[in-house]
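Enquirer: Sharing a sequence plus its predicted fold:
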Amino acid sequence: MESGTSSTLPPGLDPAYHGVTLEQKTTFAFVIFLFIFLGILIVRCFRILLDPYRSMPTSTWADGLDGLEKGQFDYALA
């Protein structure tokens, strides 16, 4: 049994094992992109939780009804 062969070395110490393939680079870039996207979503959700009324419009859906008072929309549907 030879003690200097590459089969006895762990994968982290094998000199031929250090090459990173294109598939590994692509996977790593995709995972980084997903973490960035997750971070953006977490920040957005916390901003909505802290100030929920900032993202709501100031007008209501009833402002667009012409000639009708608010609360009389039942007759407009018939």
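Expert: Arrived safely. Predicted model only: the values in this text are computed from it and were never measured. Numbers count the residues shown, from 1 in each chain.

Enquirer: show me the contacts for residue 30.
Expert: Residue 30 sits next to no residue when contact means Cβ atoms under 8 Å, 6 or more residues apart in numbering. Backbone N, C-alpha and C define where each C-beta goes, glycine included.

Enquirer: measure it to residue 57 for me?
Expert: According to Cβ to Cβ, to the nearest Å, residue 30 and residue 57 sit 36 Å apart.

Enquirer: now do residue 20
Expert: If you go by Cβ to Cβ, the gap between residue 20 and residue 57 works out to 49 Å.

Enquirer: if I read this right, residue 55 contacts residue 48, doesn't it?
Expert: Yes: under the criterion of Cβ atoms under 8 Å, residue 55 makes contact with residue 48 at 6.1 Å.

Enquirer: more neighbours, these two?
Expert: residue 48 (12 against 9; other Cβ atoms under 10 Å).
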